[in-house]
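Colleague: This is the structure alone, sequence omitted:
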């Protein structure tokens, strides 16, 4: 179920475990792992990986005060 604004402060709070959220922009829906709160860091994976490949890095960045978004890239 999509969250209206998954990156808003009320939706994020503090996350130690990534939440899966759906972000819709320009008629495209992306599923993303979102964790932490603070300055934004976007982690993009390449072929043949998935957003799960960033789990250890995302957890470390979130614990250091960053908001981490790792989208599941389309086509992978």
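Modeller: Perfect, I can see it now. Please read these numbers as outputs of a predicted model, since none were measured by experiment.

Colleague: Show me the strands in the chain, by range?
Modeller: Assigned by DSSP state E, the strands in the chain fall at 19-25, 28-35, 40-42, 67-71.

Colleague: weakest of the ones you listed by average pLDDT?
Modeller: Confidence, taken as mean pLDDT, is least for strand 19-25 of the strands of the chain (a mean of 85).

Colleague: so how far is residue 55 from residue 65?
Modeller: Here the criterion is Cβ to Cβ, to the nearest Å. By it, residue 65 lies 18 Å from residue 55. From N, CA and C alone the C-beta is placed, and that goes for glycine too.

Colleague: which one of those two has more residues nearby?
Modeller: Neighbours per residue (other Cβ atoms under 10 Å) separate residue 65 from residue 55, with residue 55 holding more: 17 against 11.

Colleague: Let me know which of the strands of the chain is tucked in deepest.
Modeller: strand 67-71 (a mean of 23; mean count of other Cβ atoms under 10 Å).

Colleague: if I look at the closest residue to residue 39 other than its chain neighbours, how far off is residue 72?
Modeller: Of all residues not flanking residue 39 in the chain, residue 66 sits nearest, at 5.6 Å (Cβ to Cβ, 6 or more residues apart in numbering). Separation of residue 66 from residue 72 (Cβ to Cβ) stands at 20 Å.

Colleague: got it, and residue 53?
Modeller: From residue 53 over to residue 72 (counting by Cβ to Cβ), the distance is 11 Å.

Colleague: Over to residue 21?
Modeller: 11 Å.

Colleague: next one: residue 62
Modeller: Per Cβ to Cβ, residue 62 is found 18 Å from residue 72.

Colleague: Neighbour count: those two, which is higher?
Modeller: Legend: neighbour count by other Cβ under 10 Å for residue 62 and residue 72, higher for residue 62 (22 against 14).

Colleague: And the more buried one, what's its pLDDT?
Modeller: As summarised for this prediction, residue 62 has a pLDDT of 93.

Colleague: That one and residue 54, how far apart?
Modeller: 11 Å.

Colleague: between those two, what contacts are shared?
Modeller: Shared contacts of residue 62 and residue 54, defined by Cβ atoms under 8 Å, 6 or more residues apart in numbering, comprise residue 68.
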